[in-house]
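Asker: Give me a 3D structure for the following:
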Amino acid sequence: MSIKAALRTHLADHDLDARVATLIARAVSVPGLADRFTRAGLDPQDVRGVADLTSLPVLPKDAVIAQQAQDPPFGGLLAPDARVARVFQSPGPLYEPQLVGDDYWRWGQVFTDLGVGAEDTVLNCFGHHLSPAGAMMEAGAHAAGATVVPGGIGSQDLQVRAIADLGVSAYCGLPSYLKVLIERFDEQGLPADRWRLEKAMVTAEPLPDSLRGLLTERVATVRMAYGTGETGLLAYENGDGHGLALADGVLVQVCDPTGTPVEDETEGEVVVTVLRPQYPLVRFGTGDRSGWTTAPDGSLRLRGVLGRTGAAVKVKGMFLHPSQAATLMSGIEGVTDYRFVIGREDHVDTLRCEIVPTGGGDPTALAALTGQVAQRVREGLRFRAEVVAVSRLTPGDGPLLDERDWD
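Answerer: Numbering: from 1, shown residues only. A predicted model of the protein is given here:
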């Protein structure tokens with residue numbers, strides 16, 4: 001089946017034309033969305049299906065950040081009757097409301113498809129501080145009926161002990177972090193028969209075949225999922241080995257630089273419309289690049305995240321933006337130039353901040369400066385970085401240099 005035919009079938013099977021029309025009819029009273037239609041010269045009443053959204057320009061993440069700064073806290077995108085349970089903060093800063101309701105971010109779909117249920121205990125290794133990932137996964141695992149251990153990031157000795165003592169049977173987190181836990185479990189000399197972790201949902205960084213092979217030596221089923229902090233779950237592996245199946249509750253499009261949806265294998269930006277009127281993200285540009293493929297049964301699939309359309313880089317599952325780095329480094333005296341270098345060692349991301357100091361090479365002064373920069377990076381960007389002083393930087397590299405090889 002062609003991509004164009006698979007797209008038509010997907011829209012029909014999920015009744016997306018009617019669901020999009022209903023969304024716009026209910027959500028257009030939200031000021032931020034109504035203003036977008038006005039500025040585009042469009043009448044919301046003309047939206048009778050997915051194709052009618054094409055004329056509405058894509059909403060970049062930076063535009064949402066700007067809207068929130070002008071009209072705090074949510075840029076006029078929140079309906080008056082919306083009930084907010086939690087507020088999260090992503091780099092920008094971008095504030096993301098979680099509304100009242102079960103499995104608001106829809107991650108329960110992937111846990112259920114993975115076979116997670118009431119008999120499972122899930123170790124959730126996503127953070128619960130400011131970032132929405134930890135809460136997203138906990139809600140999804142609960143929706144599947146599972147018990148959750150909120151492990152977060154760090155405290156690896158305690159986490160592997162919990163795996164052994166609690167009979168943890170499932171995991172969600174970065175694939176690289178699962179590898180670290182496997183190694184730490186063995187290093188602690190814990191009994192092999194107390195490793196009962198057999199299912200894993202991994203996301204937020206690539207899963208190359210080499211790493212998948214290492215993980216499946218100890219975890220029978222490892223599946224990749226894809227989502228964002230703003231939109232929740234978008235697609236996931238269902239075990240047939242043919243791309244990522246699309247999640248329910250969202251309209252996912254792949255668009256060219258003009259915002260026009262592509263209907264073939266051409267790569268483009270993933271553009272999402274979340275089918276919820278209380279916080280309507282319509283034609284939201286994720287900044288992720290992907291493309292379409294089909295499964296043997298003709299169903300539509302995403303090929304996974306193939307890169308970024310913007311300048312941001314994802315490190316250890318979190319985005320690092322050039323503007324963030326510039327704001328942070330501009331406030332540090334004694335640094336004339338800098339760059340962040342992202343690497344990958346033994347399937348784990350590394351971050352190095354290279355600085356060109358203003359003064360000379362006095363060891364005591366350099367040690368104090370690199371220590372100050374490391375602390376500022378940790379507090380301001382939520383990353384731990386090795387900081388090294390260099391005499392000069394290579395011209396043209398820019399503030400972020402990604403040296404990772406995913407082959």
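
Asker: make it CA atoms for all contacts and neighbour counts henceforth
Answerer: Fine.

Asker: center of this structure, which residue is that?
Answerer: Centroid-nearest residue in the chain, with CA atoms, centre = their mean: residue 228, separated by 3.7 Å.

Asker: dump the residue contacts of the nearest residue to residue 334 once chain neighbours are set aside.
Answerer: In space, and not counting its chain neighbours, residue 334 is closest to residue 358: 4.8 Å by CA to CA, 6 or more residues apart in numbering. By CA atoms under 8 Å, 6 or more residues apart in numbering, the contact set of residue 358 is 334-336.

Asker: Give the buried residues for the helix or strand containing residue 186.
Answerer: Taking DSSP states H and E as the criterion, residue 186 maps to helix 175-187. Within helix 175-187, the residues scored as buried using 16 or more other CA atoms under 10 Å are 175-179, 181-182, 184-185.

Asker: Write the PyMOL selection for whichever of the contacts of residue 358 are buried.
Answerer: The command below creates a PyMOL selection of those among the contacts of residue 358 that count as buried (16+ other CA under 10 Å):
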select buried, resi 335
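
Asker: Looking at the contacts of residue 358, which is nearest residue 378?
Answerer: Taking CA to CA as the measure, residue 335 is the one of the contacts of residue 358 closest to residue 378, at 17.0 Å.

Asker: Tell me where the chain is predicted with low confidence.
Answerer: For the chain, the stretches flagged by pLDDT under 70 are 310-311, 360-361, 396, 406-407.

Asker: How about the contacts made by residue 40?
Answerer: Residues in contact with residue 40 (CA under 8 Å, 6+ apart) are 55-57.

Asker: cutoff 6 Å now
Answerer: By CA atoms under 6 Å, 6 or more residues apart in numbering, the contact list for residue 40 is empty.

Asker: For it, give its distance to residue 275.
Answerer: Distance, residue 40 to residue 275, using CA to CA, to the nearest Å: 21 Å.

Asker: gap between residue 302 and residue 245?
Answerer: Noted for residue 302: a distance of 7 Å to residue 245, by CA to CA.

Asker: okay, now residue 3: neighbour count?
Answerer: Using other CA atoms under 10 Å, the number of residues around residue 3 comes to 19.

Asker: mind checking the SS state of the nearest residue to it once chain neighbours are set aside?
Answerer: Counting by CA to CA, 6+ apart, residue 3 lies nearest to residue 264, which is 5.3 Å off, once chain neighbours are set aside. What DSSP: H, G, I helix; E, B strand; the rest coil gives for residue 264 is coil.

Asker: beta partners for residue 315?
Answerer: Beta-bridge pairing for residue 315 (DSSP bridges): residue 318.

Asker: no, scratch that, I was asking about residue 228
Answerer: residue 232.

Asker: As PDB, could you dump the C-alpha coordinates of the helix holding residue 186?
Answerer: Taking C-alpha atoms only, helix 175-187 is exported to PDB below (Å, rounded to 0.1, in the frame of the first residue of the first chain):
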ATOM      1  CA  PRO A 175      17.800   2.800  27.100                       C
ATOM      2  CA  SER A 176      21.300   3.800  28.200                       C
ATOM      3  CA  TYR A 177      20.200   4.000  31.900                       C
ATOM      4  CA  LEU A 178      18.700   0.500  31.700                       C
ATOM      5  CA  LYS A 179      22.200  -0.700  30.600                       C
ATOM      6  CA  VAL A 180      23.700   1.000  33.600                       C
ATOM      7  CA  LEU A 181      21.300  -0.700  35.900                       C
ATOM      8  CA  ILE A 182      22.000  -4.100  34.500                       C
ATOM      9  CA  GLU A 183      25.700  -3.600  35.000                       C
ATOM     10  CA  ARG A 184      25.200  -2.200  38.500                       C
ATOM     11  CA  PHE A 185      23.000  -5.200  39.500                       C
ATOM     12  CA  ASP A 186      25.800  -7.500  38.500                       C
ATOM     13  CA  GLU A 187      28.500  -5.400  40.200                       C
END
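
Asker: Which SSE is immediately downstream of it?
Answerer: Counting by DSSP H and E, the element after helix 175-187 in chain order, helix or strand, is strand 199-202.

Asker: counting contacts, what elements does that next one pack onto?
Answerer: Counting contacts by 3 or more CA pairs under 6 Å, 6 or more residues apart in numbering; DSSP states H and E, strand 199-202 packs against strand 170-173, strand 221-228.

Asker: Can you add distance to residue 377 and give the ones you listed back as a markdown table?
Answerer: Listed next are the helices and strands packed on strand 199-202 as a markdown table, based on distance: least, CA to CA, whole Å:
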| stretch | distance to residue 377 |
| --- | --- |
| strand 170-173 | 23 |
| strand 221-228 | 23 |
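
Asker: max-length helix in the protein?
Answerer: Using DSSP state H, we find that the single longest helix of the chain is helix 363-381.

Asker: In its sheet, which strands sit next to the helix or strand following that helix, and in what direction?
Answerer: Counting by DSSP H and E, the next helix or strand C-terminal to helix 363-381 is strand 386-389. Within its sheet, strand 386-389 is paired with strand 348-357 (parallel), according to DSSP bridges.
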